[in-house]
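Visitor: I need the structure of the sequence given here:
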Amino acid sequence: MTDLKTKYLGLELKNPLVASASTLSKKFENIKKMEDAGISAVVLYSLFEEEIQHESLELNYFLNRGTESFPEALTYFPEMDDFNLSSEKYLETIRKAKESVDIPIIGSLNGVSNSGWIKHARLIEEAGADALELNLYFVATDLDISAAEMEKSYLDVVRAIRQEIKIPLAVKLSPFFSSLPNFVKDLEEAGAEGVVLFNRFYQPDLDIENLEVKPWLELSTSHDLLLPLRWTAILYDRIHMDMALTSGVHSGHDMVKAVMAGASAVMSASELITNGISRADAMLKEFTEWVTWHNYESVSQMRGVLSQKSVAVPAAFERANYMKALSLHDDKL
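Guide: Down below sits the predicted model:
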């Protein structure tokens, strides 16, 4: 019997398949369905820095409104039972999940600044989360901010959160860094125990008739696996952090590729959103059948066998592969 267990962020998981952060986990019953479908851990939907800051300002407004009026004017203050902060709902989701499911629950914070919202990392820990994923999602548009300044701000946030919590911390990154390996090394030195490759920048569309910018969300396909697959393979065994691969995981074979590249955990959301949470069971069966058929005794035995350090031609992950890929089309011209 193949041993499917893996370790990610110090957590022992029954298999590598983890539900990545998405709106699916906003409904508690979906978290239970994920466990029943075989998913080994759930990263909750993200709590956003802007959301926390907005509700803090809103609450401050209501608590201060009317303070110069008569003491009897108690109706100026909001009924706190009705003033449901999104952050409190988030913490309650963690508490309820930890009471009701046996798989690890990983909190998710999305932000970039080093400000008051960071204290919510500690609240997430106190609510019972087994680990925290920090999603560093920022589109730099200021001409006067350098890449070095941006990287420093990211690292400052990681260090600040590391000081707030004791549970494991993973950082979810975009692929848009001039030297990704160097920055990942800096994250490790800043206190992160894991890195998640990659988050996806949702691109707005343009409405040319109404002259508006339209929000647009396009779910991933298996083709999107190639970018995180490449960087997971390059980074494997060169850093001491665990790696999770996300974006483009839609089948058991995608999971096999991710583990062979070097991932400790394989995260999926788009496939579950598109085809239902029960799809996880089919993905795991396909993964297990492939691993068993190819005589691997465990997931750990196959991890990294197709990483850059393990393949016969390591340059295939660099420029050599670029040249070879272009030559594939020569006969068609």
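Visitor: Confirm M34 sits in a strand?
Guide: No - going by DSSP: H, G, I helix; E, B strand; the rest coil, the assignment for M34 is helix, not a strand.
Visitor: In this structure, what helix or strand scores lowest on average pLDDT?
Guide: Lowest on mean pLDDT, DSSP states H and E among the helices and strands of the chain sits helix 49-64, with a mean of 52.
Visitor: And the next helix or strand past that helix?
Guide: Moving toward the C-terminus from helix 49-64, the next helix or strand (DSSP states H and E) is helix 86-100.
Visitor: how about the helices in the chain?
Guide: Per DSSP state H, the chain carries helices over the ranges 28-36, 49-64, 86-100, 119-126, 147-164, 180-190, 226-235, 252-261, 270-275, 279-293, 299-302, 319-327.
Visitor: Could you export these to JSON lines, including columns for distance to L173 and mean neighbour count?
Guide: Heads up, the C-betas are built off the backbone N, CA and C, glycines and all. Formatted as JSON lines, the helices of the chain follow (distance: least, Cβ to Cβ, whole Å; neighbours: other Cβ atoms under 10 Å):
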{"stretch": "helix 28-36", "distance to L173": "24", "mean neighbour count": "17"}
{"stretch": "helix 49-64", "distance to L173": "16", "mean neighbour count": "14"}
{"stretch": "helix 86-100", "distance to L173": "22", "mean neighbour count": "16"}
{"stretch": "helix 119-126", "distance to L173": "18", "mean neighbour count": "19"}
{"stretch": "helix 147-164", "distance to L173": "9", "mean neighbour count": "17"}
{"stretch": "helix 180-190", "distance to L173": "8", "mean neighbour count": "17"}
{"stretch": "helix 226-235", "distance to L173": "9", "mean neighbour count": "22"}
{"stretch": "helix 252-261", "distance to L173": "16", "mean neighbour count": "23"}
{"stretch": "helix 270-275", "distance to L173": "18", "mean neighbour count": "18"}
{"stretch": "helix 279-293", "distance to L173": "24", "mean neighbour count": "17"}
{"stretch": "helix 299-302", "distance to L173": "24", "mean neighbour count": "17"}
{"stretch": "helix 319-327", "distance to L173": "22", "mean neighbour count": "10"}
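Visitor: weakest of these by average pLDDT?
Guide: Lowest mean pLDDT within the helices of the chain: helix 49-64, a mean of 52.
Visitor: Need the contact partners of stretch 172-190.
Guide: Here stretch 172-190 makes contact (Cβ atoms under 8 Å, 6 or more residues apart in numbering) with 21, 108, 133-137, 147, 151, 154-155, 158-159, 162, 171, 195-201, 227-228, 231, 234-235, 238-241, 246.
Visitor: before we move on, what about stretch 267-280?
Guide: Against stretch 267-280 from outside (Cβ under 8 Å, 6+ apart): 17-24, 30, 33-34, 37-39, 43, 196, 219-221, 244-246, 249-251, 283.
Visitor: mind checking the end-to-end distance for that stretch?
Guide: Separation of the first and last residues of stretch 267-280 by Cα to Cα, to the nearest Å is 11 Å.
Visitor: Please list all residues in contact with F48.
Guide: F48 is in contact with 110-111, counting by Cβ under 8 Å, 6+ apart.
Visitor: I am finished for the moment; much appreciated.
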